[in-house]
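Asker: predicted model follows, preceded by the sequence.
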Amino acid sequence: MHLLAVRESSAGPEVLLSRRAGAVYAAGLWHAPSGHVDGAEEDVVAALVRETREETGLVVARTTCARP
């Protein structure tokens, strides 16, 4: 799953991207925070909140996650 984090600014909408560092898959490329659901006890929203914090340090409130 991937998170598209968008916020409004005076210059218009901004989207959160990060650049993969180190000797990992797709190193140096830009990407949206992403990851996997850890087991049957974790739902998709909890996984998005966790993965975003782990990958970017951004704390996302569960209540701000919108599902399509």
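Answerer: Thanks, I have it.
Asker: what's the residue of the chain most remote from its centre sitting at in phi/psi?
Answerer: For the chain, the largest distance from the centre (Cα atoms, centre = their mean) belongs to residue 10, which lies 22.7 Å off. Per-residue torsions, residue 10: phi -60, psi -20 (degrees, to the nearest 10).
Asker: distance check, it against residue 4.
Answerer: 21 Å (Cβ to Cβ, to the nearest Å). C-betas here are computed from N, CA, C, even on glycine.
Asker: what residues does stretch 22-42 touch?
Answerer: With Cβ atoms under 8 Å, 6 or more residues apart in numbering as the test, stretch 22-42 has contacts from 1-5, 15-21, 43-44, 47-48, 50-52, 54-56, 58.
Asker: roughly how far is it from the heart of the chain?
Answerer: Taking Cα atoms, centre = their mean, to the nearest Å, one finds stretch 22-42 lying 9 Å from the centre of the chain it belongs to.
Asker: and the pLDDT at the residue nearest the centre of the chain?
Answerer: The centroid of the chain falls nearest to residue 33 when counting by Cα atoms, centre = their mean (3.0 Å). For residue 33, the model assigns a pLDDT of 85.
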